[in-house]
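Sharing a model that was predicted from the sequence below.
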Amino acid sequence: MPEIQNPHDHFARETLSRKEVAVDFLARFLPAEVSQLLDFTALELVNDSFVDTELREHLSDLIFRVGLRDGGKAFVYVLFEHKSAPDNWVAFQLARYKIRVWEQEREQGAKKLSPVFPLVLYHGRSPWNVSQNFSDLIRFQDNDALRDYEMEFRYHLIDLSRYSDGEIKRATMILATALLLLKYIFRKELKPLLPEIIGILRPAVEQGSMEYLRTVAIYLCQATGRIEPAYLSEVLQTTFPKQAGGVMPTIAERWVEQGKQEGLQQGLQQGLQQGRIEGLQEGSASLALRQLQRRIGKIDEKTQEQVRSLSYEQLEELGEALLDFTKAADLRTWLRAHRKTN
């Protein structure tokens, strides 16, 4: 399976590849009438991906094979949408992916195809406001007689923006932490909520397990410009002051540095592997935003989006120009002068 160089994808995969977390996720968020049919003791993650190469920047997938309580098996196909706005064509993509799963079964000699339950996990800023029914993509007009001859299915949606923090916190520690981070990763509330979110892991850390805390720290370094490395290190040290014999400051600094370096490296690898410049652009934009915040302080969300929309060549220019910036107005003036033209 090709590696998808995206911090949101990597974080979701690393979280849900833990069987106990995946079971909690599916048992908690699948419709009750579906969940009660499944035997989660037989759950396994299938190491296949059916997402098209050109879509990997904003889509990734996980496929779970699960037993049915009355015998047989089913698949739960989790499509992870990590754009900040909903995509009207997700049902179309899911139709393609369901068929690919069935093609694989057919090639393996299956007499009958297994049910494939489609689930979309979405964590963008805007609420998901598109239909979950495949047939709504087809223009029937008044010809309802044609509906019986078209494919029909609906996908189950988990839009994290529609779940309260209280509902999410009822999940197990790792799942609750992951879903809250995904919920707020594009939002300005992330920074003030970060100590509370990371604090959910306190019982595990107090028992000596800091493995997932490291995963969280690296994700935060790679996935958002809202959390300055110094602030993240401070939150880790403040939230877990007694852990690891007082060496948390050293550990925190190491995680932060690792996250920064891996974030840039992933961007470079993505550009090389796909023969495209987007990976370089993403890594350069993240680096530019960190440098800008050190020079001129907090940058509002709109300006951050303008920086991320710059081409790789423009970001290289910005990297040199920002050395002369002393205030936010300098950045805004530069962006106006280098605005993209269609």
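The structure has been received and is ready for your questions.

contacts and neighbour counts: CA atoms only from here.
Noted.

For the closest residue in space to residue 130 that isn't next to it in sequence, give me phi and psi.
In space, and not counting its chain neighbours, residue 130 is closest to residue 88: 5.8 Å by CA to CA, 6 or more residues apart in numbering. Residue 88 adopts backbone torsions of phi -70, psi -20, taken as degrees, to the nearest 10.

what's the neighbour count on residue 112?
The tally of other residues near residue 112 (other CA atoms under 10 Å) stands at 9.

quick one: it from residue 338, how far?
From residue 112 across to residue 338, the span is 58 Å (CA to CA, to the nearest Å).

pLDDT weak spots in the stretch 201-342 of the chain?
242-283, 312, 340-342 (pLDDT under 70).

which stretches of it form helices?
Secondary structure of the stretch 201-342 of the chain (DSSP state H, counting those that start in this stretch): helices at 202-206, 211-223, 229-239, 248-274, 278-296, 301-308, 312-321, 328-337.

Show me what counts as buried in the second one.
Looking back up the chat, that one is helix 211-223. 212, 213, 214, 215, 216, 217, 218, 219, 220, 221, 222, 223 (16 or more other CA atoms under 10 Å).

That one packs against which elements?
With contacts taken as 3 or more CA pairs under 8 Å, 6 or more residues apart in numbering; DSSP states H and E, helix 211-223 sits against helix 7-16, helix 248-274.

ok now that helix, how far from the chain's centre?
Put simply, helix 211-223 sits 13 Å off its chain's centre (CA atoms, centre = their mean, to the nearest Å).

Make 492 the starting number, not 1.
Sounds good: first residue 492 from here, last item helix 702-714.

hang on, the earlier thing: now for the residue nearest to residue 621, how many residues are close by?
Neighbour count of residue 579, defined by other CA under 10 Å: 14.

if I look at it, how far off is residue 625?
Separation of residue 579 from residue 625 (CA to CA): 10 Å.

quick revisit: roughly how far does the residue nearest to residue 621 sit from residue 553?
With CA to CA as the criterion, residue 579 and residue 553 are 20 Å apart.

Residue 537 too?
Distance, residue 537 to residue 553, by CA to CA: 8 Å.

And for residue 594?
Distance from residue 594 to residue 553, counting by CA to CA: 17 Å.

neighbour count winner among the two?
Between residue 594 and residue 553, residue 553 has the larger neighbour count (other CA under 10 Å), namely 22 against 14.

Which positions are bridged to that one in the beta structure?
Beta bridges link residue 553 to residue 569 when assigned by DSSP bridges.

Next, please give the residue ranges for the helices of the stretch 492-641 of the chain.
Under DSSP H, counting those that start in this stretch, the stretch 492-641 of the chain gives helices at 498-507, 510-520, 523-526, 581-598.

Can you report how many residues lie near residue 788?
Residue 788: 13 surrounding residues under other CA under 10 Å.

Phi first, then psi, for it.
According to degrees, to the nearest 10, residue 788 has phi 90, psi -160.

and it, what does it touch?
Neighbouring residues of residue 788 by CA atoms under 8 Å, 6 or more residues apart in numbering: 818, 819.

Quick check: it vs residue 620, distance?
Residue 788 is 35 Å from residue 620, by CA to CA.

Also residue 686?
Distance of residue 686 to residue 620, given as CA to CA: 31 Å.

Ok, residue 712 next?
Distance of residue 712 to residue 620, given as CA to CA: 30 Å.

Residue 708 too?
Residue 708 is 32 Å from residue 620, where distance means CA to CA.

Likewise for residue 776?
Per CA to CA, residue 776 is found 29 Å from residue 620.

got it, and residue 575?
13 Å.

Then residue 586?
To residue 620, residue 586 is 19 Å away according to CA to CA.

ditto for residue 820
For residue 820, the distance to residue 620 (CA to CA) stands at 36 Å.

With neighbour numbers in mind, choose between residue 575 and residue 620.
Applying other CA under 10 Å to residue 575 and residue 620 shows that residue 575 carries more neighbours, namely 16 against 11.

pretty sure the more buried one is touching residue 675, no?
No. Counting by CA atoms under 8 Å, residue 575 does not reach residue 675; the two are 11.0 Å apart.

before we move on, the earlier item: can I get the buried residues of helix 702-714 in CSV with distance to residue 557?
Below are the buried residues of helix 702-714 laid out as CSV (distance: CA to CA, whole Å):
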residue, distance to residue 557
703, 25
704, 29
705, 30
706, 27
707, 28
708, 31
709, 31
710, 29
711, 32
712, 34
713, 32
714, 31
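
still on that earlier bit, select from the helices of the stretch 492-641 of the chain the stretch with the lowest mean pLDDT.
If you rank the helices of the stretch 492-641 of the chain by mean pLDDT, helix 498-507 sits at the bottom with a mean of 89.

contacting residues for residue 814?
Contact partners of residue 814, counting by CA under 8 Å, 6+ apart, are residue 786.

whoops, residue 620 was the one
Residue 620 neighbours (CA under 8 Å, 6+ apart): residue 577.
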